[in-house]
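Peer 1: how would this look folded up:
(chains A and B)
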Amino acid sequence: GAVVSQHPSRVICKSGTSVKIECRSLDFQATTMFWYRQFPKKSLMLMATSNEGSKATYEQGVEKDKFLINHASLTLSTLTVTSAHPEDSSFYICSAREEGKGHNEQFFGPGTRLTVL
Amino acid sequence: AQSVTQLDSHVSVSEGTPVLLRCNYSSSYSPSLFWYVQHPNKGLQLLLKYTSAATLVKGINGFEAEFKKSETSFHLTKPSAHMSDAAEYFCVVRGYNFNKFYFGSGTKLNVKP
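Peer 2: As a prediction, this is how the structure comes out:
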């Protein structure tokens, strides 16, 4: 089946540093990937839609200069949290939609837990 | 606007007894609805989906859900719980903009031996 991986699974960083999270579709091509954020005991909130070869589309309230998204290939999207602060600590989950398979399903990665000290 | 409400944040059942996880949706058009399961340190896995075909949808691992338009509900059921079913379950509605999935707040299922 369609598998999405994320790296790293956990990261701890100091306040003010930048952190890059990778999302890969392992056995399919994904023109569209999505980045979600999950707060403790809360639901997933869509942050942005990542489109291969074009700029990401950010949801209202999400700072595009803080959460940089790059989707350089059909199997890789990256989320960079710039100048991270403790309030950015969260669980970040990506998903991917398989090219040519319609809009009915997203395949989710295992998530990356970011802790900013 | 689209949204889903999961009525129970925690559900606890004994192994072998039925499972009912409740979900109500709000949508201004005919929705596509999904149930996903999240095990600790694992990605979300699709259990089943409704996309305007049969209203009773069968999914993996013995789960099923029934779309009831009159009640705006899409409850998830399983006749007999297994210990491996313990996880967090999310009800999701797909937005009119196909890109957007709107997640419910999740229901944590605990299965007692």
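
Peer 1: Just give the nearest non-adjacent residue to the residue nearest to the spatial centre of chain B, would you?
Peer 2: In chain B, the residue lying closest to the centroid (C-alpha atoms, centre = their mean) is residue B:35, at 3.5 Å. Setting aside the residues directly before and after it, residue B:35 is nearest to residue B:47 in space (C-beta to C-beta, 6 or more residues apart in numbering or on different chains), at 4.3 Å. Bear in mind the C-beta positions are built from the backbone N, C-alpha and C, glycine included.

Peer 1: helix or strand for the residue nearest to residue B:83 when sequence neighbours are not counted, which one?
Peer 2: Once flanking residues are discounted, residue B:83 sits nearest to residue B:111: 5.2 Å by C-beta to C-beta, 6+ apart. In the assignment (DSSP states H and E), residue B:111 maps to strand B:107-112.

Peer 1: Counting by contacts, list what that strand packs against.
Peer 2: Applying 3 or more C-beta pairs under 8 Å, 6 or more residues apart in numbering or on different chains; DSSP states H and E, one finds that strand B:107-112 contacts strand B:10-14, strand B:19-21, strand B:87-94.

Peer 1: Can you tell me which of those strands is nearest to residue B:60?
Peer 2: Comparing the helices and strands packed on strand B:107-112 by their distance to residue B:60 (C-beta to C-beta), the top pick is strand B:87-94, with 12.6 Å.

Peer 1: Establish whether the very next helix or strand once past the closest one and chain A are in contact.
Peer 2: Following strand B:87-94 in sequence order, the next helix or strand is strand B:101-103 (DSSP H and E). Yes: if you take C-beta under 8 Å from any C-beta of the partner chain as the test, strand B:101-103 does meet chain A, through B:101, B:103.

Peer 1: model confidence over strand B:101-103, on average?
Peer 2: The pLDDT scores in strand B:101-103 average 89.

Peer 1: likewise stretch A:74-86?
Peer 2: Across stretch A:74-86, the average pLDDT comes to 95.

Peer 1: Report the angle between whichever strand or helix holds the residue nearest to residue B:35 and strand B:87-94.
Peer 2: Here residue B:47, judged by DSSP H and E, is contained in strand B:44-50. Computed by axes from the mean of the first three to the mean of the last three C-alpha atoms, to 10 degrees, the angle separating strand B:44-50 from strand B:87-94 equals 50 degrees.
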